[in-house]
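Dropping the sequence and predicted coords here.
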Amino acid sequence: YQSGDLHLKRATNTTHSVDYDAVEAEQHKGICDWVKEHLNGEVTDIRRLERWRPQWKVTYTANNETNAVLFRGNRSIAGKQDLKFEMEVMQALEANGIKVPHIYGWVDSPKAFVMDWIDTEDRAPGMLHTAIDNPSTMSDERWQAMLNYMEHLAAMHAVPVGEFTHIKRLSTLPKTPTEIALHTTERMYSVGKQAGHIDPPLEFLQQWLRRNVPLHRTEAHFIAGDAGQFMSAGTDVLALLDFEIASIGDIHWDLACFRGRHPYENMGDIPALYRRYEEVSGRQVDLAAVAYHTVAFLQLSGIGATFFMQPNAHGGNWIEGALEYASISRRAYESIAELQGISLDYDLDLPEPTIKRWEDSGLQKLCVDIERLPTSSVFESWERDLLHSIPQFLLNHARYRDWFEQETVADFNALMHALGNNIIANNLVDADQAALQVMADMQSTTNDSGNQNPKLDEAWVQAQHKRILRFSMLIAGTNPDSENPLFHRLDPIFQ
């Protein structure tokens, strides 16, 4: 490096030192002060939970009794009003007899809301990086609780949508089938577009959703948005959880969530859950609508996963974002394939790694030294493991990147040739730019004619699915492995 280069490097480095012990002390003081003022209690223990958002189990004594509450904090990548939105949704649900933890109120510092602590065994966190090492299982009791949960889900869907219109985000109700089907994913797509996160696989999914709206789905209901999350004890459902992407939409979105979350959080026999929902709700489950909303739920989640990788966000879960993007977007294509009868190719082979001296040595050194970092209450061992996984990912990326990009470009060129287009790309950047432009032209043509070409869908779906499957292979450093949750294929629902 020249001295000028070093000076430039320092000038553009925006990181700064943070005293995390002081941050933690300030958070704990805010928690203790709030509990004293609002619960008339004395805090005896504060335990931060292993989640990708700040959450604390807070134990306190009041009137000679020991109790616990959960302080639910904000994701580092969340919008300013997301946390308060979730609190207001839960308050509305509780007011309508839905079994959610009681909400005690809002906390300004640390930014959080406080709810009852549900005293039971912790459920699976539903995160892919933990499921890879510790696959989620389901006991007989949890399965019975899952069946019982469907009654609570049906009751939640029956709450009149007018009970939520005082909440700003839910104040404008979708009216047409297109609005009911698309308003949630279009909002997430717009955010992803503004951030520059929409690549060809995500772009095609959104266009497919627009072209395949189930026009017969005309009823809008309150939906959890990320259904299937609840705490249980034995076979009893204790509380429904996680409403940060709640919305007004088609109930089949919530039913699709079970497919989307499985197997990271084991959902059991999903078709049996649908049959149970029919029994307790009196509604017939439209499997084609479930398949459509599986694509929608996974599209929203896939775009959301790209925001986990923001470098300046404190905490978060970078590697979960990479893993989820790969798994979620691939399974969205598998839902399209099942719905439209498209065959997919899983017979792909990872080549021998290409060892690049500097990347290989430097990234291995990072892995070794990160494992030696000391841990503390502000840097737990699980956080060190998450940090370690980033250079491990980059090591595989360096070894297989050339293969991934060459195969993706070759597939794109073959696709263009099959479609009668004379575009030839020489690298992945050019291929992606060309793909986005071709898709924009394709959408314009479809809008003008109103026609859809199933063969066109087939060619694009097959090419994008192979791209994402190869990316998963790059991450894992293996061929597709049915024992690895990263490669789990979407569970079929059409028998």
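Structure received. This structure is a prediction, so every number in the text was calculated from the model and none was measured.

Tell me which residue is most central in the protein.
Nearest residue to the geometric centre of the chain (CA atoms, centre = their mean): Ser301, 3.9 Å.

Just the pLDDT for it.
Listed pLDDT for Ser301 reads 95.

The nearest residue to it once chain neighbours are set aside: neighbour count?
In space, and not counting its chain neighbours, Ser301 is closest to Ile328: 5.0 Å by CB to CB, 6 or more residues apart in numbering. Quick note: C-beta positions are derived from backbone N, CA and C, even for glycine. Using other CB atoms under 10 Å, Ile328 has 22 neighbouring residues.

List the contacts of Ile328.
Neighbour list for Ile328: Gly260, Leu298, Ser301, Gly302, Ala305 [criterion: CB atoms under 8 Å, 6 or more residues apart in numbering].

now do 6 Å
Leu298, Ser301, Gly302 (CB atoms under 6 Å, 6 or more residues apart in numbering).

where does it fall, helix, sheet strand or coil?
Secondary structure assignment for Ile328 (DSSP: H, G, I helix; E, B strand; the rest coil): helix.

Against Asp19, how distant is it?
Ile328 sits at a distance of 36 Å from Asp19 (criterion: CB to CB, to the nearest Å).

list the buried ones in the strand or helix carrying Ala288?
Taking DSSP states H and E as the criterion, Ala288 maps to helix 287-306. Buried residues in helix 287-306, counting neighbours by 16 or more other CB atoms under 10 Å, are found at 287, 289-306.

list the helices and strands the helix or strand harbouring Met146 packs on?
Remark: Met146 resides in helix 140-157, with elements defined by DSSP H and E. Judged by 3 or more CB pairs under 6 Å, 6 or more residues apart in numbering; DSSP states H and E, the packing partners of helix 140-157 are strand 236-240, helix 270-281.

ok and it relative to helix 270-281, angle-wise?
On the basis of axes from the mean of the first three to the mean of the last three CA atoms, to 10 degrees, helix 140-157 is oriented at 50 degrees to helix 270-281.

what comes up buried for helix 140-157?
142-143, 145-150, 152-157.

Residues touching it, excluding its own?
So helix 140-157 is contacted by 98-99, 221, 230, 232, 234-235, 237, 240, 251, 268, 276-277, 280-281 (CB under 6 Å, 6+ apart).

Now list the buried members of these.
Ile98, Lys99, His221, Phe230, Ser232, Val237, Leu240, Ile251, Arg276, Tyr277, Ser281.

which residue sits closest to Pro174, ignoring its sequence neighbours?
Ile180 (4.6 Å).

and that neighbour, how many neighbours does it have?
23.

ok so, going back, quick check: which of the helices and strands packed on helix 140-157 is nearest to Glu203?
For the helices and strands packed on helix 140-157, the distance to Glu203 is smallest for helix 270-281, at 28.4 Å, taking CB to CB.

elements contacting that closest one?
Looks like helix 270-281 contacts helix 140-157, helix 251-261 (3+ CB pairs under 6 Å, 6+ apart).

How far does the first one sit from its chain's centre?
By that I understand helix 140-157. Distance of helix 140-157 from its chain centroid, counting by CA atoms, centre = their mean, to the nearest Å, is 22 Å.

hang on, the earlier thing: of all the helices and strands packed on helix 140-157, which one is nearest Phe204?
Relative to Phe204, the nearest member of these by CB to CB is helix 270-281, separated by 25.4 Å.

which outside residues touch that closest one?
Leu147, Met150, Glu151, Ala154, Phe258, Arg259, Val285, Asp491, Ile493.

Helices of the stretch 1-150 of the chain, start to end?
Ranges of helices within the stretch 1-150 of the chain are 3-12, 20-39, 82-95, 128-133, 140-157, based on DSSP state H, counting those that start in this stretch.

Can you pick out the most distant pair from the contacts of helix 270-281?
Glu151 and Asp491 (22.4 Å).

on that earlier part again, adding distance to Ile103 and pLDDT, write the buried residues of helix 140-157 out as JSON lines.
Shown next, in JSON lines, are the buried residues of helix 140-157 (distance: CB to CB, whole Å; pLDDT from 0 to 100):
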{"residue": "Arg142", "distance to Ile103": "26", "pLDDT": "93"}
{"residue": "Trp143", "distance to Ile103": "29", "pLDDT": "95"}
{"residue": "Ala145", "distance to Ile103": "23", "pLDDT": "96"}
{"residue": "Met146", "distance to Ile103": "25", "pLDDT": "96"}
{"residue": "Leu147", "distance to Ile103": "27", "pLDDT": "97"}
{"residue": "Asn148", "distance to Ile103": "23", "pLDDT": "97"}
{"residue": "Tyr149", "distance to Ile103": "20", "pLDDT": "98"}
{"residue": "Met150", "distance to Ile103": "24", "pLDDT": "98"}
{"residue": "His152", "distance to Ile103": "17", "pLDDT": "98"}
{"residue": "Leu153", "distance to Ile103": "20", "pLDDT": "98"}
{"residue": "Ala154", "distance to Ile103": "23", "pLDDT": "98"}
{"residue": "Ala155", "distance to Ile103": "19", "pLDDT": "98"}
{"residue": "Met156", "distance to Ile103": "16", "pLDDT": "98"}
{"residue": "His157", "distance to Ile103": "21", "pLDDT": "98"}
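
Thanks a lot, catch you later.
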